Each structure stands twice: as structure tokens, then as C-alpha cells.
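Undergrad: only the shape, not the letters, is given here:
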């Protein structure tokens, strides 16, 4: 699990919650497709929180591109 600290408490909390959900989904995933879907959902949630809280989105956008998603 990676921890993001931006100094924006609202965004940091959203990312922490999403990461916990992401880790649980990865543990339960029985296929590579399910694991990929969990990661896409996580990074979209983080990207959307970053946009809403006026934080940087580069890390999340890059991760989504690497997963073949937007």
C-alpha cells in the first residue's frame, strides 16, 4: 500500500480510503481482469479527488494510461 500526503487533508483522506478499498479488492480478485478493474477504479477515484481538491493529477493520470484507461 502506498500513502499519498499532499497537505490537503480532504484529498489525503479520500486517497487513503480508496487505497484501502483497492487493497481489499485486489485481495479478493480471482482474475487479472478483476485486479485491473480494481486498480482503474482506484486511480479514477484519486484523480477525481485531486481535481475536486485542486491537487496534482499527474500520478493518477499516468497510472490510468499505463492501465490502458482514461
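TA: Cool, the structure landed. Values in this document were obtained by computation on a predicted structure and should not be read as measured data.
Undergrad: show me where the protein has helices.
TA: 9-28, 32-52, 58-66 (DSSP state H).
Undergrad: which of those helices is buried the deepest?
TA: helix 32-52 (a mean of 17; mean count of other CB atoms under 10 Å). In short, each C-beta sits where N, CA and C put it, glycine included.
Undergrad: name the helices or strands packed onto it?
TA: Applying 3 or more CB pairs under 8 Å, 6 or more residues apart in numbering; DSSP states H and E, we find helix 32-52 packed against helix 9-28, helix 58-66.
Undergrad: how about JSON lines for those, with distance to residue 51 added?
TA: As requested, the helices and strands packed on helix 32-52 are exported to JSON lines (distance: least, CB to CB, whole Å):
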{"stretch": "helix 9-28", "distance to residue 51": "10"}
{"stretch": "helix 58-66", "distance to residue 51": "9"}
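Undergrad: got those helices as a markdown table, with distance to residue 50 and mean pLDDT columns?
TA: Shown next, in a markdown table, are the helices and strands packed on helix 32-52 (distance: least, CB to CB, whole Å; pLDDT from 0 to 100):
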| stretch | distance to residue 50 | mean pLDDT |
| --- | --- | --- |
| helix 9-28 | 6 | 96 |
| helix 58-66 | 6 | 95 |
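Undergrad: distance to residue 3 for the helices of the chain - can I get that in CSV?
TA: What follows is these, written out as CSV (distance: least, CB to CB, whole Å):
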stretch, distance to residue 3
helix 9-28, 7
helix 32-52, 12
helix 58-66, 13
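Undergrad: any idea how far residue 14 lies from residue 32?
TA: Going from residue 14 to residue 32 by CB to CB, to the nearest Å gives 26 Å.
Undergrad: residue 59 now?
TA: Here the distance between residue 59 and residue 32 works out to 23 Å (CB to CB).
Undergrad: also residue 40?
TA: Residue 40 is 12 Å from residue 32, where distance means CB to CB.
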